[in-house]
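Asks: Quick one, structure for this:
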Amino acid sequence: MARRRNDVPDDLGRRQSTIKDVAELAGVSLSTVSRVVAGNYPVARSTRLRVQRAIEQLNYVANTHARVLGGGPTRTVGFIVNDVRGPAFAAAVHGVEQEAARRGHICLVATTDGDPARELAAIQLMREQRAAAVFLIGGATDDAAYRARMADIARSLDAAGSRLVLCGRPALGKDIPATAVEYDNEGGAYALTSFLVGRGHRRILYVGGDPAFTTTAGRLAGFRRAMGDLGCPVDESLFELGTNFTRESGYERVGARLSGARLGGARLGGARLSGARLGGARDFTAIFAETDVIAGGAMAAVFDAGLSVPEDVSLVGYDDIPLAADLRPGLTTVRVPYEELGRAAVRAALDRPAVRSEQHQTLGTYVVIRQSADGPSQA
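Replies: Down below sits the predicted model:
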């Protein structure tokens, strides 16, 4: 006797339900159930709801391994980041995870510690797992070799039905099948530098990372462009570059400046500098810290030198992580919508039209004014 629609199989409690059970209960074909589960083919709303009800009644779990063998993408996305502990990275990752979960996807996570070989290995693993999209979060060292490698990866993922997503990295070019969602990195630095110059500062100490790194390159470009547009000479001796984006780096670089001991690329081993060593003359009136984390260390170094922020030295950061509002005085900084960056990247990747070309969008940034910056000291 044929089973009627909406009749649950009598032996369901003794075995795992199958796609055939779902099809029979919903009164549709096996291919229709597959399309509803995969979510990659249009199905009439009434039919889709009927299949979804049958899936719930039967407690059916799709066989992901079978889907991988069949060549289709799974309901997973992968994200790769240098270090999940960084506040800015964490916010972007949270945005990716939340938006992916809302769409019924789970996340695979990999960290690279800045190692390109680990990044490549993680991408390959996620490709083998048939992730629907692979997100690379944060900046990178941008050169010809990097772009060629990323272009090959994008084409490889595209051929597998997946998508390479650059989140907070520059786009690769219009002929590359990748999605790029970034923020106005250079524009934020331009606006922040203009703010300092507008307060009367001309000698601004810039503390940042490696100029070959895309995050640093964009912020440096905005800083230099603003100084030039506003008629302020750029003194190359006022750049402290090559930090590793930590509080310790900010403390060491600014502490060494205030003590008159140039560090170059060296480190002080994270040791706290005494107030006596920090008593030297200073050749700047303001500090542009490339991240809020660096700014936190810089502020501590200024205080340990017996100076005040902003009365003696003005200080600004970049990112507007929670730390920025908690510092005293509150840190003037650039707001980057990191969580929305992650969410927008997921939407762009999973809702993309059926085209084999680049997608590119840029989110805005703006200056958040707090109490850490004022006019130059008259002392």
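Asks: Output the below-cut-off pLDDT ranges for the protein.
Replies: Residues of the chain meeting the criterion pLDDT under 70: 1-16, 38-41, 61-74, 261-281, 352-358, 378-379.
Asks: And it, what are its domain boundaries?
Replies: Domain assignment for the chain by automatic domain parsing gives 12-62, 76-183+338-364, 185-336.
Asks: and the closest residue to residue 52 other than its chain neighbours, how many neighbours?
Replies: Distances taken as CB to CB, 6 or more residues apart in numbering put residue 36 closest to residue 52, at 6.8 Å, once the chain neighbours are dropped. (Each C-beta comes from the backbone N, C-alpha and C, glycine too.) If you count neighbours by other CB atoms under 10 Å, residue 36 ends up with 23.
Asks: my read: residue 36 touches residue 48, true?
Replies: Yes: here residue 36 reaches residue 48: they are 5.3 Å apart, a contact under CB atoms under 8 Å.
Asks: List the contacts of residue 247.
Replies: 293-294, 296-297, 300 (CB atoms under 8 Å, 6 or more residues apart in numbering).
Asks: one step back: what about the residue nearest to residue 52, is that helix, strand or coil?
Replies: helix (DSSP: H, G, I helix; E, B strand; the rest coil).
Asks: And it, how far from residue 218?
Replies: Between residue 36 and residue 218 the computed distance is 43 Å (CB to CB, to the nearest Å).
Asks: Please apply the same query to residue 226.
Replies: From residue 226 to residue 218 the distance is 13 Å (CB to CB).
Asks: Same question for residue 146.
Replies: Residue 146 is 15 Å from residue 218, by CB to CB.
Asks: Around the residue nearest to residue 185 when sequence neighbours are not counted, how many other residues sit close by?
Replies: Closest residue to residue 185 apart from its sequence neighbours, by CB to CB, 6+ apart: residue 218 at 3.4 Å. Around residue 218 sit 22 other residues, with neighbours defined as other CB under 10 Å.
Asks: can I assume residue 218 sits in a strand?
Replies: No: judged by three-state DSSP, residue 218 forms no part of a strand; its state is helix.
Asks: was I right about it contacting residue 169?
Replies: No: applying CB under 8 Å, one finds residue 218 not in contact with residue 169, separated by 10.3 Å.
Asks: Tell me the buried residues in whichever helix or strand residue 193 is part of?
Replies: Assigned by DSSP states H and E, residue 193 belongs to helix 185-198. Buried residues in helix 185-198, defined by neighbour count with 16 or more other CB atoms under 10 Å: 185-197.
Asks: same question, stretch 230-237
Replies: So for stretch 230-237, counting by 16+ other CB under 10 Å, buried means residue 232.
Asks: Please list the outside residues in contact with it.
Replies: So stretch 230-237 is contacted by 194, 197, 202-203, 224, 227-228, 283 (CB under 8 Å, 6+ apart).
Asks: what does stretch 26-33 give?
Replies: Counting by CB under 8 Å, 6+ apart, residues outside stretch 26-33 touching it are 5, 19-20, 22-23, 43, 47, 50-51, 53-54.
Asks: let's see 6 Å
Replies: With contacts defined as CB atoms under 6 Å, 6 or more residues apart in numbering, stretch 26-33 is touched by 5, 19, 22-23, 50-51, 54.
Asks: starting at the chain centroid, how far to stretch 81-95?
Replies: 6 Å (CA atoms, centre = their mean, to the nearest Å).
Asks: And it, what's buried?
Replies: Here stretch 81-95 shows 81-82, 86-93, 95 as buried, counting by 16+ other CB under 10 Å.
Asks: Lovely, talk soon.
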